[in-house]
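no sequence on this one, just coordinates:
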């Protein structure tokens, strides 16, 4: 009886360590496409190869509508705001994707979205108005949100709408 139990325990241990044929290897990279559509933060898209359990940052820096906003030096202190080569404030969108693929070929994803953009009323780089304070810091819109969702690896897009109305469309294929 003891031999039978030990044999069954060994079989169960080996069976538990074998991956099903459809499971992805932890090193196999999956192509994830992230598309951002936002009135405030702009439209961007990129595709990256990410292995299960890894993270990747999709970052876009663009000039806001109407041009880059002036960013006086006292405003930049303490902020990690994106600026162009002339020191003008840019619009930035950052998506961090952290997928874990299960045996059913579904990516369980944690997505972090962070964005900032000078508001339309921000003073533009090189502009000068009689009433504008040249040392005034620009008004900036920011948002940050984390969402978790499941995504099959079948290249069919999934659209997520964030609290501020930004839409993220994500697809994945192996």
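Alright, I've got the coordinates. This one's a predicted model, so the numbers in the text were calculated from it and none came from an experiment.

residue 47: neighbour count?
A count of nearby residues for residue 47, using other CB atoms under 10 Å, gives 13. In short, each C-beta sits where N, CA and C put it, glycine included.

residue 97: how many residues sit nearby?
Neighbours around residue 97, by other CB under 10 Å: 21.

list the contacts of it.
Going by CB atoms under 8 Å, 6 or more residues apart in numbering, residue 97 touches 32, 34, 48, 50, 55-56, 58, 109, 111, 170.

sitting in strands, which of those residues do you find?
32, 34, 48, 50, 56, 58, 109, 111, 170 (DSSP state E).

across the sheet, point out what pairs with residue 144.
residue 114 (DSSP bridges).

how close does it get to residue 111?
Going from residue 144 to residue 111 by CB to CB, to the nearest Å gives 12 Å.

same question for residue 79.
Going from residue 79 to residue 111 by CB to CB gives 24 Å.

the two: who's more crowded?
Set residue 79 next to residue 111 and count neighbours by other CB under 10 Å: residue 111 wins out with 22 against 13.

shouldn't that one be in contact with residue 169?
No: taking contacts as CB atoms under 8 Å, residue 111 lies outside contact range of residue 169: 11.5 Å.

overlap of the contact sets of these two?
Shared contacts of residue 111 and residue 169, defined by CB under 8 Å, 6+ apart, comprise residue 160.
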